[in-house]
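Peer 1: the sequence isn't on hand, but the structure is:
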């Protein structure tokens, strides 16, 4: 598995997809962080509310991790590389597992970069405006950890979705339609199941304040179950499929 | 070595391969022939564990491909030439596969050299010609130095020079004791390279024989003689059919130049020309695979 993981990470480094996603994410994160600091009034800068919202400016890392996971699997079908890939590793479940792990690591990396950029922008700016940063205050620490975890989970979930759906456009459009439109809508219509839907569950990992229904631990456990479920489904479907 | 037993594969309502059985033994080059749409690719993909047979089974080295311990080092495969990410360089394509197979990076350089692709290795595959892609696919197949090589229409997209290069490479690989199965829809393309041929048509088995036997079966011998009619009569008595007549001579089917020469000598008949007609190679193939809308 270590070999396959190394191969997947090499795969990610040798096309422009991952670089493009990283650049896009950094651009959005920079705008979000700068906008947040710039729009805050002097009095807010040192407040707990403001400071613990800073990690959320890197929150787009989760969306990019999801996209990376989807790309990681669907590119194999789109470009026909599934054939050599499965010739090298005919037990296809192992390929999907490696891709899920690699996508989780890439998600973790994307979140780290986005967070690093957000704080690199905010820290000098805040001190220039006479405020200081306190990462131990409020929810900042938990949100930083939460974002790293959530991005990793979204990456793995993306790989599972990609493996199950196979078609790149269908997987991306379907995932975005579900997570950005259908799921929030369902959450409004049936508020008792809303927090237990996959998107909300992973979002809970990032935003949990400890006393919502799931709690941080519950959100992590449920999200992990969703990511794992998607990967198992994707792996089973992949193993049964004809590669033509 | 490669064994296909009662293989049937349906895609929806379409039967691609039906009840196909054949066996390729160790050593030598076997041609896997049939017109386009005969089911060659389907069969090879089933052998390589990429397709699930509807019925029957396909094994390599006595096992289904999926159960091989170290597939890359046991079986190499060249399938269609489009299996590359256009944005990745040729070298990186091979490096990814080598990493997944646990092969050293030095092996990538070795196979790049073997297929003459070192110069283009750092270019993105999107800019490769079809011939370069075929070479890259061949390089990928040889990464693990496998004892068995399966190639699906590897000559596609190669210019005459490339086809010659491929022929020499396959010959030298076979000379190293490898077993090679190479498919083609053009017999002439592989006739000089292969030892045996397996011919399929419309998903069914047609024949498996030494290439010389296939040629001999429809075997054309072109004969020109001032005593053409007497010779034709002699041949007819020996059970040999002849076609054509006149100045250009006639063609004796299903025999060899040696046999015709012997009969002519015995009958005291003068020969002006006696030649195994290589053009009938393709005719033999067409004859074997004719019937319906094939070829």
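Peer 2: Right, received. Where do you want to start? As the structure is a prediction and not an experimental result, all values here were calculated from the model.
Peer 1: mind listing what residue B:11 touches?
Peer 2: Residue B:11 makes contact with residue A:242, according to C-beta atoms under 8 Å, 6 or more residues apart in numbering or on different chains. Bear in mind the C-beta positions are built from the backbone N, C-alpha and C, glycine included.
Peer 1: oh sorry, the question was meant for residue A:154
Peer 2: For residue A:154, the contacting residues are A:62, A:63, A:65, A:66, A:69, A:107, A:202, taking C-beta under 8 Å, 6+ apart as the criterion.
Peer 1: kindly report the same for residue A:14.
Peer 2: Under the criterion of C-beta under 8 Å, 6+ apart, the contact list for residue A:14 reads B:88, B:89, B:92, B:95, B:96.
Peer 1: near chain A, from those?
Peer 2: Within the set of these, contact with chain A (C-beta under 8 Å from any C-beta of the partner chain) is found for B:88, B:89, B:92, B:95, B:96.
Peer 1: dump the residue contacts of residue 150.
Peer 2: All of this refers to chain A. The contact partners of residue A:150, taken as C-beta under 8 Å, 6+ apart, are A:62, A:111, A:202, A:203, A:205, A:206, A:223.
Peer 1: you looked at the wrong chain, it should be chain B
Peer 2: For residue B:150, the residues meeting the contact criterion (C-beta under 8 Å, 6+ apart) are B:2, B:44, B:47, B:48, B:75, B:76, B:77, B:78, B:141, B:180, B:181, B:182.
Peer 1: mind checking which of the residues you listed land in helices?
Peer 2: Those of these mapping onto helices are B:44, B:47, B:141, per DSSP state H.
Peer 1: neighbour-wise, which of the ones next to chain A among the contacts of residue A:14 leads?
Peer 2: Neighbour count (other C-beta atoms under 10 Å in any protein chain shown) singles out residue B:96 as the most crowded of the ones next to chain A among the contacts of residue A:14, with 27 neighbours.
Peer 1: quick check: that residue touching residue A:6?
Peer 2: No: Residue B:96 sits out of contact with residue A:6 when judged by C-beta atoms under 8 Å, with a separation of 9.5 Å.
Peer 1: for chain B, what lies in contact range of chain A?
Peer 2: If contacts are counted using C-beta under 8 Å from any C-beta, the residues of chain B sitting beside chain A are B:11, B:45, B:48-52, B:65-66, B:68, B:71-72, B:77, B:79-80, B:82-89, B:92, B:95-97, B:99-102, B:140.
Peer 1: tell me which element residue A:149 falls in.
Peer 2: For residue A:149, the host element (DSSP states H and E) is helix A:140-165.
Peer 1: next SSE after that helix?
Peer 2: Once the chain leaves helix A:140-165, the next helix or strand it forms, by DSSP H and E, is helix A:168-176.
Peer 1: could you say what helices and strands the helix or strand that comes right after that next one packs with?
Peer 2: Heading C-terminal from helix A:168-176, the first helix or strand you meet, by DSSP H and E, is helix A:183-189. For helix A:183-189, the packing partners by 3 or more C-beta pairs under 8 Å, 6 or more residues apart in numbering or on different chains; DSSP states H and E come out as helix A:198-207.
Peer 1: what's the local residue count around the spatially closest residue to residue B:116 that is not a sequence neighbour?
Peer 2: Across the structure, with C-beta to C-beta, 6 or more residues apart in numbering or on different chains as the measure, the residue nearest residue B:116 apart from its sequence neighbours is residue B:135 (6.6 Å). Using other C-beta under 10 Å as the criterion, residue B:135 is surrounded by 29 other residues.
Peer 1: for residue B:135, give me its contacts.
Peer 2: B:115, B:116, B:117.
Peer 1: which of those residues are buried, as a PyMOL select command?
Peer 2: Command for PyMOL that selects the buried part of the contacts of residue B:135, burial taken from 16 or more other C-beta atoms under 10 Å in any protein chain shown:
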select buried, chain B and resi 115+117
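Peer 1: let's have the contacts of residue B:135 in CSV, adding pLDDT.
Peer 2: Supplementary listing: the contacts of residue B:135 in CSV, determined by pLDDT from 0 to 100:
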residue, pLDDT
B:115, 93
B:116, 92
B:117, 94
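Peer 1: and which of the ones in helices among the contacts of residue B:150 is nearest to residue B:225?
Peer 2: Closest approach to residue B:225 among the ones in helices among the contacts of residue B:150 (C-beta to C-beta): residue B:44, at 46.3 Å.
Peer 1: surely that closest one meets residue B:154?
Peer 2: No: taking contact to mean C-beta under 8 Å, the distance of 11.4 Å between residue B:44 and residue B:154 leaves them out of contact.
Peer 1: show me where pLDDT drops low in the chain?
Peer 2: As the question left the chain open, I've gone with chain A. Filtered on pLDDT under 70, chain A yields the residue ranges A:209-211.
Peer 1: hmm, I had chain B in mind actually
Peer 2: Counting by pLDDT under 70, the low-confidence segments of chain B come to B:81-82, B:215-219, B:245-247, B:277-284, B:287, B:291-295.
Peer 1: which residue ranges form the helices in it?
Peer 2: Using DSSP H, the helices assigned to chain B run over residues B:40-47, B:71-74, B:90-101, B:105-114, B:130-142, B:160-175, B:187-191, B:211-218, B:228-237, B:257-266, B:280-289.
Peer 1: ok and the residue in the stretch 151-295 of chain B nearest chain A?
Peer 2: For the stretch 151-295 of chain B and chain A, the shortest gap (C-beta to the nearest C-beta) falls at residue B:152, measuring 10.4 Å.
Peer 1: and that residue, what does it touch?
Peer 2: When contacts are counted by C-beta under 8 Å, 6+ apart, residue B:152 is found next to B:40, B:41, B:44, B:77, B:78, B:79, B:80, B:183.
Peer 1: how about the residues of chain A by chain B?
Peer 2: Of all the residues in chain A, those in contact range of chain B (C-beta under 8 Å from any C-beta) are A:3-4, A:6-7, A:10-11, A:14-17, A:75, A:79-91, A:240, A:242-244.
Peer 1: try it again at 7 Å.
Peer 2: By the criterion of C-beta under 7 Å from any C-beta of the partner chain, the positions of chain A lying close to chain B are A:3-4, A:6-7, A:10-11, A:14-16, A:75, A:79-81, A:83-84, A:86-91, A:242-244.
Peer 1: which PyMOL command selects the buried ones in the residues you listed?
Peer 2: A single PyMOL command is used to select the members of those judged buried by 16+ other C-beta under 10 Å:
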select buried, chain A and resi 3+4+6+7+10+11+14+15+75+79+80+81+83+84+86+87+88+89+90+243
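Peer 1: let's have the ones in helices among the contacts of residue B:150 in JSON lines, adding neighbour count.
Peer 2: Output for the ones in helices among the contacts of residue B:150, formatted as JSON lines (neighbours: other C-beta atoms under 10 Å in any protein chain shown):
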{"residue": "B:44", "neighbour count": "25"}
{"residue": "B:47", "neighbour count": "27"}
{"residue": "B:141", "neighbour count": "24"}
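Peer 1: which among these gets closest to residue B:237?
Peer 2: Using C-beta to C-beta, residue B:44 comes nearest to residue B:237 of the ones in helices among the contacts of residue B:150, at 45.9 Å.
Peer 1: need the contact list for that closest one.
Peer 2: When the contact criterion is C-beta atoms under 7 Å, 6 or more residues apart in numbering or on different chains, the partners of residue B:44 are B:150, B:152, B:183.
Peer 1: ok, the last one touching residue B:40?
Peer 2: Yes: taking C-beta atoms under 7 Å as the contact criterion, residue B:183 and residue B:40 are neighbours in contact, 4.4 Å apart.
Peer 1: quick check: the farthest pair among the ones next to chain A among the contacts of residue A:14?
Peer 2: Between all members of those, the longest pairwise span (C-beta to C-beta) is found for B:89 and B:96 and amounts to 10.5 Å.
Peer 1: what's near enough to touch the residue lying closest to residue B:65 once chain neighbours are set aside?
Peer 2: Closest residue in space to residue B:65, ignoring its immediate chain neighbours: residue B:49 at 3.4 Å, by C-beta to C-beta, 6+ apart. Listed by C-beta under 7 Å, 6+ apart, the contact set of residue B:49 reads A:90, B:64, B:65, B:66.
Peer 1: great, nothing more from me.
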